[in-house]
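Colleague: Output the structure for:
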Amino acid sequence: MQMKKLFFFILSSQLSIAVYSQHEHHQTPDPVPKKQVMQKKHSTQRKKVTPVKKDTMAMKSAMDTIDHSMHSMSSMPSHAYSRNLPMNRNGSGTGWNPDATPMYMWMKSTGKTDWMFHGNIFLRYTNQDIFSSGSRGNDEFSAPNWFMAMMNRKLGSKGLLNATAMISLDRLTEGGNGYPLLFQSGETFEGKRLVDRQHPHDLFSALSIGYSQMLNKDIDITFYFGYPGEPALSTTAFMHRVSSMNNPDAPLGHHWQDATHITFGVGTLGVRYRNFKGEGSVFTGREPDENRYNFDKARFDSYSYRLSFNPTENWALQFSQGFINSPEALEPDEDVTRTTASVLYARKMNQDNHFSAAAIWGLNDKGTDHKENSFLLEGNYQCRKNAFYGRYEYIQKSKEELDLDNGYPETNFNIHALTAGYNRQLVNFSNIDMVAGTQFTLYGVDKDLQTLYGKTPVGFELYLQLRPSLHKH
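Modeller: Now for the predicted structure:
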C-alpha cells in the first residue's frame, strides 16, 4: 500500500511539472533558396531583382521563427548575478560552477525576462548493509526530490534582478526521519539526533532575491537576501553539482561542507572583478528545525566570507570560512568554525558527452581540540544515454555525532566510503529524461566501530530517476 501511494505521488508530481514547463517549439522554415544564376548579364530588369536581397530576407524570416530561448546561443540568458558571465556558471546560492558545466533544465525567455526550471526525483530502493555485517544498516523505499525555478530580469542598461524559489517534498516521501544512509549524521527528529539517516529537506528550501549592478564589463556588485537562502560558504551544494546529479545520496560530509544551503535568514554582499569574486554574508547559524513546513526564526548571528576564482572555462575554485553560532539544537552552547576549499571541473567532449568532477575539503572546528575533517572526491562521465559515476569520502566523526554510548572512546573515528554507479536513459518525453540506475557503496569502518557496523558493510541501491533533459544550445 505504501509503494502504491509513493508511485502515485511521483507520477502526479512529474506530470504537474511537465504541464507547467511546456512551451511552444516553432518549426524552422524551408532552407533559404540557392542563389540564382543570372541568364542575361546586361538585362537591367534582372539586375534590379538581386538574389542577395532575396537571400537576406529569407534568412531574416528563418531567424525570426526560431525560438531563441531554446536554441540561440547569442540570446542565452546571463548568469543569475552578472550580465557579463555565462549562465552555465550558476551554482547554488551565489556560488560559481565552471563555465563548461552542462545544464539539465528547461528555459523560457520573454523579452527582458528569462525563466529557468530545474528538478530531480529519485524513486529508489536502498539497502545500506546487504550482508548484515552490523546492526545499524537499514533498507527502505524512498523518493528524494527537489524542484527549482529562477527568474532573471534586466533592469535598465546595467541592472539585473534575480528571484529564486526551491521546494522539496522530502517530508512527504521520506517521513520525518529521512532515508537510511550509513554513518550519516546531522539534525534531529522527535528530539533525538539523526544518525545513519539523511534528514529530509524543508518544503521551502530557497526563497531568495538578488540584485546585481554592473559598473563596467569587468566589475559587478551583488546584493542577495534569502529566507531561506544560502550564505557565501563552501562550494555548490551537492544536488546542484553535475558531478553528483546521478547519486541519490547526500555526501556523508554534508554537514562539514555544504549544509548551510538551507538557512533561514541570509544577507550577502559580493564584488566581482573579472573571474575573481569576494563575498561576505551574515546569516542564521541554527540549522532547520524538525518542522519541515514552517519558516524558522531568522537570527543573523553568524557570518562568513568566500573567495572564488575561475581561471578557465573548465575550472572553479573557492575558499571560504564560516563562523556559525549554535548550529545544533541539541548542543546550543557549541559554536562551529567551518573552513572549506574546493575545486570543480567540467569538460564538454561534444554535444552529448561530458565529464564533471569535484574535490571538496571541509573542517568543523568546535574548539578545545575538537576538530573533524572531511574530504570528498566525485566524478560523473555522461556518455550519450549512459552515465558512469563514483564518489570517495573520508570523514572524521565523534562519539556524539554517531550517538555512541560511554563504552566508546572519546576520539574521532575515521570513516571511508567508496561508491560506484551506472545508469542509462530509458526514454525521453516532453524534455524529461527517465533514467534507470544502480550503485554500490563499500564502507571502511574504524576498528573501534566494527562490532557495531561490521568490518566492511556494503550498500546497494536500485532507482528510477526523472529530471529535465540536457539543455542544448
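Colleague: From the centroid of the chain, which residue is nearest?
Modeller: With distances taken as C-alpha atoms, centre = their mean, residue 240 lies nearest the centre of the chain, 0.8 Å away.
Colleague: Which pLDDT value does the model give it?
Modeller: The model reports residue 240 with a pLDDT of 97.
Colleague: Use 11 as the first number from now on
Modeller: With 11 as the first residue, the last one maps to residue 250.
Colleague: Contacts only, for it.
Modeller: Shown in contact with residue 250 (C-beta atoms under 8 Å, 6 or more residues apart in numbering): 101-102, 107, 128. Any C-beta I mention is one placed from the backbone N, CA and C, and that applies to glycine too.
Colleague: In TSV: the residues you listed, plus distance to residue 176 and secondary structure.
Modeller: Shown next, in TSV, are the contacts of residue 250 (distance: C-beta to C-beta, whole Å; DSSP: H, G, I helix; E, B strand; the rest coil):
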residue	distance to residue 176	secondary structure
101	13	coil
102	9	coil
107	16	coil
128	8	strand
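Colleague: Among those, which one has the most neighbours?
Modeller: Neighbour tally across the contacts of residue 250 (other C-beta atoms under 10 Å): the maximum, 27 neighbours, falls on residue 107.
Colleague: And the helix or strand containing residue 135, what does it pack against?
Modeller: Element membership for residue 135 (DSSP states H and E) is strand 123-137. On a contact count with 3 or more C-beta pairs under 8 Å, 6 or more residues apart in numbering; DSSP states H and E, strand 123-137 meets helix 12-31, strand 116-120, strand 149-152, strand 155-165, strand 189-199, strand 468-478.
Colleague: ok, 7 Å please
Modeller: Secondary-structure packing of strand 123-137 (3 or more C-beta pairs under 7 Å, 6 or more residues apart in numbering; DSSP states H and E): helix 12-31, strand 116-120, strand 149-152, strand 155-165, strand 468-478.
Colleague: from the contacts of residue 250, which single one is nearest residue 380?
Modeller: Checking the contacts of residue 250 against residue 380 by C-beta to C-beta gives residue 102 as the nearest, at 28.2 Å.
Colleague: surely that closest one meets residue 240?
Modeller: Yes: if you go by C-beta atoms under 7 Å, residue 102 and residue 240 touch, sitting 5.8 Å apart.
Colleague: shared neighbours of these two, which are they?
Modeller: Taking C-beta atoms under 7 Å, 6 or more residues apart in numbering as the contact rule, residue 102 and residue 240 both touch residue 271.
Colleague: How about the residue nearest to residue 155 when sequence neighbours are not counted: which residues does it bridge to?
Modeller: Once flanking residues are discounted, residue 155 sits nearest to residue 131: 4.4 Å by C-beta to C-beta, 6 or more residues apart in numbering. Using DSSP bridges, the beta-bridge partners of residue 131 come out as residue 155, residue 476.
Colleague: What is the neighbour count of residue 131?
Modeller: 24.
Colleague: one step back: mean pLDDT for the helices and strands packed on strand 123-137: which is lowest?
Modeller: The minimum mean pLDDT among these belongs to helix 12-31 (a mean of 41).
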